[in-house]
Every structure is written in C-alpha cells, then in structure tokens.
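Engineer: okay, here's the prediction I keep looking at, along with the sequence it came from:
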Amino acid sequence: MSEKNTTPKTGFDKILDFFNNNLAVNHPIAIAEVVERTGFSWSFVKKTLAKIKDDYDGFYFEKSGSTWIIWKDRNHIIKKLDETCSRFLVDDEEEC
C-alpha cells in the first residue's frame with residue numbers, strides 16, 4: 001500500500017477550505033462564528049480574511065454595524081487572475 005506524500009495545510013488553507021466547503025452562497029456569517037467553528041483566534045481570522053478579500057474573487061468581507069461579516073457569491077472562492085483576455089478590451093465608447 002502506498003502512502004500519499006501530503007504537506008500539512010496552513011491556517012490560511014484551512015480557513016479557505018472552511019469557506020469553500022461550509023459557507024452557503026450569499027449567506028453572511030460573522031467572524032465570531034468563523035472563530036468558533038475553526039478554532040483560530042479572532043485576529044488571525046481577520047488578518048486572513050483581509051488577504052482573501054485582496055487576492056480572491058467571489059468573497060466579501062465588510063463591517064456591518066459593530067460586527068464583521070463574511071459571505072461568498074459563488075460555490076468556490078477562486079484566486080484572482082493576473083492575466084485575462086480583458087486586457088485586450090478598449091476603454092473608449094466607440095463601436096467597431
């Protein structure tokens with residue numbers, strides 16, 4: 001029987017997996033719930049969420065009143081692409 005060689009997941013990977021596998025689409029939750037369900041500290045979760053917001057599409061992280069809320073608008077959060085076809089679009093309003 002062969003054993004798979006896997007590297008341990010980082011805290012960032014675990015939180016990203018949590019959102020992809022446990023968070024319902026368009027259903028906001030509070031950071032406190034993420035902390036409770038993942039076991040990570042509030043400050044670590046908030047720092048990680050800020051990085052996810054900057055580097056991934058489909059993920060939202062905002063303050064609502066006195067609570068920070070998180071939600072996603074698709075089944076899986078995906079890393080933002082650096083190079084896409086949109087770089088070829090012209091910004092002027094003239095039609096071809």
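Structural biologist: Received the coordinates, thanks.
Engineer: quick one: buried residues of the helix ranked longest in the chain?
Structural biologist: Criterion DSSP state H: the longest helix present in the chain is helix 42-55. Neighbour-count burial for helix 42-55, counted by 16 or more other CB atoms under 10 Å, picks out 45, 46, 48, 49, 52. To be clear about C-beta, it is placed using only N, CA and C from the backbone, and glycine gets the same treatment.
Engineer: now the helices for the protein?
Structural biologist: Under the criterion DSSP H, the chain carries helices at the ranges 11-22, 31-38, 42-55.
Engineer: do me a favour and average the pLDDT over the longest helix of the chain.
Structural biologist: The pLDDT scores in helix 42-55 average 90.
Engineer: please list the residues outside that helix that contact it.
Structural biologist: 11-12, 15-16, 19, 31-32, 34-35, 38, 40, 59-61, 68, 70, 77, 79-80 (CB atoms under 8 Å, 6 or more residues apart in numbering).
Engineer: over to stretch 15-25?
Structural biologist: 9, 29, 34, 37-38, 40, 45, 48-49, 52, 56, 59, 70-77.
Engineer: gap between stretch 37-46 and the chain center?
Structural biologist: Computed by CA atoms, centre = their mean, to the nearest Å, the chain-centroid distance of stretch 37-46 equals 14 Å.
Engineer: can you give me the angle the longest helix of the chain makes with helix 31-38?
Structural biologist: 110 degrees (axes from the mean of the first three to the mean of the last three CA atoms, to 10 degrees).
Engineer: coming back round to it: select only the buried ones of the contacts of stretch 15-25 in PyMOL?
Structural biologist: Burial among the contacts of stretch 15-25 is assessed by 16+ other CB under 10 Å; the matching PyMOL selection reads:
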select buried, resi 29+34+38+40+45+48+49+52+56+59+70+71+72+77
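Engineer: could you list the low-pLDDT ranges of this structure?
Structural biologist: 1-5, 83-96 (pLDDT under 70).
Engineer: now the end-to-end length of stretch 33-53.
Structural biologist: The straight-line separation of the ends of stretch 33-53 (CA to CA, to the nearest Å) is 18 Å.
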